[in-house]
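Enquirer: Pasting the sequence and the predicted coordinates here, then a few questions.
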Amino acid sequence: MSKSAQTASPIPDGPAARSGYEGPYKIRLAGYRIGEEELEAVREVFASGILTNGPRTSRFEEVFARRHQVDFAVAFANGTVALTAIYLALGIGQGDEVIVPSMTFISSATSVLHAAATPVFADVDPDTFNLDPVDVARRITRRTRAILAVHYGGQPADMDELQALADDAGLLLLEDAAEAHGAIYRGRSVGGLGKAAMFSFTPTKNITTGEGGIVTTHDGDLAAALKLLRNHGQTSLYQHNSLGFNWRMTELQAAIGEVQVGRLDTILAVKQSNAARMADRLRSVSRVRPPTTLSDRRHVHMLYTLLLDKDRDSVMAAMASAGIETRIYFPPAHRQPIFATMNANLPVTEEVSKRMLSIPFHSLLTPNDMEEIASALEAAVTSGPEGLQPGPGDTEGPRFRRP
Ligand SMILES: Cc1ncc(COP(=O)(O)O)c(C=O)c1O
């Protein structure tokens, strides 16, 4: 193993130093850990003469499946088409409903539309921002076919409770694990907790291939159907037995992905230690609630999302002037114009979406960076305009329970 693999160190002044976000920031929201091994893997692909549909994709799938303790993995061009492919392969479409959270990236919901089915939004838990099983139960109708559990920010959703609901109602439980590579739920790896799971590899994720997605499943027939959908329904050269797409991942991405899987444990260890450090540091800072991490699961902190009891715009502005990028992950999907006519009633999602803020948390950040972020945050919440006024139904005392 080369030195870069052992240390997983970024290339000095190379691509790892860039986050993909432009702006006047000293500390950026995202940063990827790419080293000589990825570059070498890409060189090998070019030298091989096979740039798509080749052995690197199969190898990446095997390595990813093994790492997530599932039998099959099928790589895709990106996570959104991977999700859509799951619905198409399972025969979920016109007239069917899929229950999804709104506190997520838009394509958790739009991928359902791409399959001609209807997303139905359910509310989330105010502490973890994951689907609230009690609210999910209320949204089940005779049209419901599946529940899509998003592991928000890298913390597994309440899969046992959701599986029990799915079993009772004869539904499929699916995972949107786009943000959760390597996460663990009650001793079991995400990716194999439901019928199928999707992971994404965009540059903000804990591991990246630039763009990319993968579906994991224990079901061999489903994996075979996904492979056909990915490649024009082609069973042998120019023999097309079913309708498919070009949703293939390139060999270049797959080669990078294989190396990235090898780095995952190092990346997660850095995140774990930075998360502990940050939670400790923020304990004494009022008006900021660090992420809740539940003891029966491993949160992989793709995001580090705070809840603020303070005017968020002023905090974001103060952080920006300190050279630190922050972002709202996510403006709720049901509030997007594309879903405006649905009039979904999601009080918890509405409430948390007004107060949440994500700070930089990628694995290249050092303890000094953590301290700089925390100090800037402390200064931002203790100066400037007063915090938000209590809203209707708010009770006395601290707005948020501390984990
Ligand atoms: C929760 C969630 N779902 C779906 C996606 C879509 O994945 P992609 O961007 O690879 O299409 C993302 C990430 O971008 C995501 O964070």
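Expert: The structure has been received and is ready for your questions.

Enquirer: how about the residues of this protein near the ligand?
Expert: For the chain, the contact set with the ligand under C-beta under 6 Å from any ligand atom comprises 78-80, 104-105, 107-108, 150, 176, 178-179, 200, 202, 213. Just so you know, the C-beta spots here come from the backbone N, C-alpha and C atoms, and that holds for glycine as well.

Enquirer: Return the subset of these lying in helices.
Expert: Judged by DSSP state H, those include G79, T80, S107, S108 as members of helices.

Enquirer: want to throw those into TSV with distance to V45, pLDDT and neighbour count?
Expert: Shown next, in TSV, are those (distance: C-beta to C-beta, whole Å; pLDDT from 0 to 100; neighbours: other C-beta atoms under 10 Å):
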residue	distance to V45	pLDDT	neighbour count
G79	22	98	27
T80	24	98	23
S107	28	98	22
S108	31	98	26
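
Enquirer: Find the helix or strand that P119 is a member of.
Expert: Element membership for P119, per DSSP states H and E: strand 118-122.

Enquirer: Contacts for that strand, please.
Expert: Here strand 118-122 makes contact (C-beta atoms under 8 Å, 6 or more residues apart in numbering) with 96-102, 108-110, 112-113, 131-132, 135-136, 138-139, 141, 143-144, 333-334, 339, 342, 344, 346, 349.

Enquirer: Could you list the low-pLDDT ranges of this protein?
Expert: Low-confidence segments of the chain (pLDDT under 70): 1-23, 384-403.

Enquirer: what packs against the helix ranked longest in it?
Expert: Criterion DSSP H: the longest helix present in the chain is helix 251-282. Counting contacts by 3 or more C-beta pairs under 8 Å, 6 or more residues apart in numbering; DSSP states H and E, helix 251-282 packs against helix 3-7, helix 36-48, helix 55-67, strand 72-76, strand 304-308, helix 367-382.

Enquirer: Most proximal residue of the protein with respect to the ligand?
Expert: Nearest residue of the chain to the ligand, counting by C-beta to the nearest ligand atom: G79, 2.6 Å away.

Enquirer: so what's that residue closest to, chain neighbours aside?
Expert: In space, and not counting its chain neighbours, G79 is closest to S200: 3.1 Å by C-beta to C-beta, 6 or more residues apart in numbering.

Enquirer: Can you check the distance spanned by stretch 58-74, start to finish?
Expert: 8 Å (C-alpha to C-alpha, to the nearest Å).

Enquirer: ok, and for it, which residues are buried?
Expert: By neighbour count, with 16 or more other C-beta atoms under 10 Å as the criterion, the buried positions of stretch 58-74 are F60, E61, V63, F64, A65, R67, H68, V70, F72, A73, V74.

Enquirer: go on, stretch 33-43?
Expert: Buried residues in stretch 33-43, counted by 16+ other C-beta under 10 Å: R33, I34, G35, E37, E38, L39, A41, V42.

Enquirer: pretty sure the fourth one is touching V259, no?
Expert: Yes. Taking C-beta atoms under 8 Å as the contact criterion, E37 and V259 are neighbours in contact, 4.7 Å apart.

Enquirer: For L357, identify the helix or strand it belongs to.
Expert: Per DSSP H and E: strand 356-359 holds L357.

Enquirer: For that strand, list the C-alpha coordinates in PDB.
Expert: What follows is strand 356-359, C-alpha atoms only, in PDB (Å, rounded to 0.1, in the frame of the first residue of the first chain):
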ATOM      1  CA  MET A 356     -31.200  24.600  11.300                       C
ATOM      2  CA  LEU A 357     -27.700  25.400  10.000                       C
ATOM      3  CA  SER A 358     -24.900  23.200   8.900                       C
ATOM      4  CA  ILE A 359     -21.300  24.100   9.500                       C
END
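
Enquirer: what distance separates it from the middle of the whole chain?
Expert: Put simply, strand 356-359 sits 15 Å off its chain's centre (C-alpha atoms, centre = their mean, to the nearest Å).
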